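A.B. asks: No letters, just coordinates:
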């Protein structure tokens, strides 16, 4: 082999390069994730804690990604996550210690997904039936979701041993997610979901139609695409993922429904998806970054005695950096 | 066009610089870990969790001030603090982090930190947990302490009963747990002891600190004609300020908020945690926690310096002040009890028979409101 063959399209590139090319969408994010996770020990941030935090954030982020690619803004991850946790607690209340572990976990996860999807479906229905803007409806439904959970933990699902304190009854031990080291398996489920969403959007017919509808809804409609059903489908899928996040949080770290469970996770997921421009691979990377910052917030407080709010400053700074950088790039293009 | 591009570049650069500074500050943490703040030798490390900010004119501020006093008393103890720690698995995570950082005593200060503390305590039998306000202590390395602050609420109820013109008092409450029900009951009983016509209206907000709900609740109580407002919330600022703005009187809770209500401040029940925190941490570090009174359920009454009345405000007459102070002295000597039968519940049924004064443990099972309290316990 000499260097005189500049480009030979017929010759197949080395296998490693072919692999890289085929998975280009995941190469950059993977490198970014490795860099972020690799630098955690340097900052004294616990890796298992970051991974555990990634699970709910990744799912609430993906709940934004699918609708966003379909041209929708889902700000309701917070409420869908909450309803998913509620659905999980409802199903768990009907199970007992004797239910086999796998059956219990699958049933509870399904409960969370159904509740989350229905909650997002409400916004989809409003949008399709009467043109209500989904940004507004999903946002407002968050508050309703919080009130429903507040009702559940002070009423039907309240722990009878809690002396009127508003927390849900603990779920059966058999329904708690198994651990790999210090990390529950929900993290892997979330990662699989991210790969699944990537595949759905890039490789399937539905994904193509959804992206077409997101790119130009009028053209999509004229082209004969079922835009209304795509909208409903995208929001249902989003809600399903956020609801799964809620269910995993109940079966994972918390073990019961609580009023303050995962407050802010929906909005952090929203931030992560927008930072990544709704590209699933980069969504994973931005979730890892945001999870590291929010877990690292403990170190800022505990080790450095900085105010608790300093973590918000850091998160906002990251957002500003990305926006500034993006604004700069689009500025150059125009 | 060119200008905006430069501005965008500049803003991106500024933001990046800010991020870098913060990150570098975080990197520095490892090196400063080994020495305590004043450069002295660290003999032990303890961790403290607050559910809210330390500037809430309430529960967390009281706990925070107690810890600052402990730091002064025990300068060789390194104190790790974390505020805004939710009552979820987050609390477990923060406790684990503190233990990893070397803490051998953990003080989770919120009621809802109890469950996470029990779980972490089971995993770390060598670490002592001192939980604030918990119902029971089911682990040998976990004790729960609190004060019978309802005794002080009886006294502030007297001040309210003597000061009210409308004979209607208002009470903004978080959750209907025994701790809060006891306070409302004692407040109404104290008020009734000096003013038989007085009633207390209650509103539950189902939240320790939600300023929007607090404003609503306070306004609705004022609309119902209440002219003295008390509360059981973690952050007390909003209720006190809303009351002051409406020209009504305030009875504070947890911490002295008299500066927020220069006109309408009566008094309040406040915590003075410093001495107790110091005693407990010394016991926990002594190596013989199990035989100290703090292992298990530990309660202090009004005879202990932990519970105090906030200074009286301008709205309190000299006569009222004298009556409340006399009752306080009687209470400290044990002559007067907040709960002495006959006491009837809202339905008129006798819950504490004539002549009986139940002890703290049996009072902590309170699940009713006394006669004279208007409003229902949210039913489950």
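C.D. replies: Looks like it came in fine. These figures come from a predicted structure and were not determined experimentally.
A.B. asks: quick one: low-confidence ranges for the stretch 1-150 of chain B?
C.D. replies: Along the stretch 1-150 of chain B, the parts satisfying pLDDT under 70 run over B:1-40.
A.B. asks: One more: the stretch 201-350 of chain B?
C.D. replies: For the stretch 201-350 of chain B, no range has pLDDT under 70.
A.B. asks: Quick one: the helices in chain A, in order.
C.D. replies: Secondary structure of chain A, counting by DSSP state H: helices at A:15-22, A:24-43, A:47-69, A:77-93, A:101-130, A:134-154, A:186-203, A:205-215, A:217-222, A:227-249, A:265-275, A:280-302, A:310-333.
A.B. asks: What of the stretch 1-150 of chain B?
C.D. replies: Counting by DSSP state H, counting those that start in this stretch, the stretch 1-150 of chain B has these helices, from start to end: B:2-27, B:29-32, B:59-73, B:89-100, B:114-123, B:150-163.
A.B. asks: The fourth one: how far from the chain's middle?
C.D. replies: In this case it means helix B:89-100. The gap between where helix B:89-100 is centred and where its chain is centred comes out at 22 Å by C-alpha atoms, centre = their mean, to the nearest Å.
A.B. asks: Mind listing what's buried along that helix?
C.D. replies: Within helix B:89-100, the residues scored as buried using 16 or more other C-beta atoms under 10 Å in any protein chain shown are B:89, B:90, B:91, B:92, B:93, B:94, B:95, B:96, B:97, B:98, B:99. C-beta here means a position set from N, CA and C on the backbone, and glycine is covered the same way.
A.B. asks: Packing partners of it?
C.D. replies: Applying 3 or more C-beta pairs under 8 Å, 6 or more residues apart in numbering or on different chains; DSSP states H and E, one finds that helix B:89-100 makes contact with helix A:280-302, strand B:44-49, strand B:77-82, strand B:105-108, helix B:114-123.
A.B. asks: Tell me which stretches of the stretch 151-300 of chain B form strands.
C.D. replies: Assigned by DSSP state E, counting those that start in this stretch, the strands in the stretch 151-300 of chain B fall at B:168-173, B:199-204, B:228-232, B:249-254, B:265-271, B:297-300.
A.B. asks: How about the contacts made by residue B:223?
C.D. replies: Residues in contact with residue B:223 (C-beta atoms under 8 Å, 6 or more residues apart in numbering or on different chains): none are found.
A.B. asks: what's the answer for the one 10 residues further on, then?
C.D. replies: When the contact criterion is C-beta under 8 Å, 6+ apart, the partners of residue B:233 are B:58, B:59, B:172, B:173, B:174, B:205, B:208, B:209, B:214, B:239, B:253.
A.B. asks: Go ahead and confirm residue A:202 touches residue A:25.
C.D. replies: Yes - Residue A:202 lies in contact with residue A:25 (C-beta atoms under 8 Å); the separation is 7.2 Å.
A.B. asks: which neighbours do those two share?
C.D. replies: Contacts common to residue A:202 and residue A:25, judged by C-beta under 8 Å, 6+ apart, are absent.
A.B. asks: Rebuild the helices and strands packed on helix B:89-100 as TSV, extending it with mean neighbour count and distance to residue A:31.
C.D. replies: What follows is these, written out as TSV (neighbours: other C-beta atoms under 10 Å in any protein chain shown; distance: least, C-beta to C-beta, whole Å):
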stretch	mean neighbour count	distance to residue A:31
helix A:280-302	24	9
strand B:44-49	24	36
strand B:77-82	22	33
strand B:105-108	29	39
helix B:114-123	21	36
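A.B. asks: now these as TSV including distance to residue A:240?
C.D. replies: Shown next, in TSV, are those (distance: least, C-beta to C-beta, whole Å):
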stretch	distance to residue A:240
helix A:280-302	16
strand B:44-49	35
strand B:77-82	34
strand B:105-108	35
helix B:114-123	29
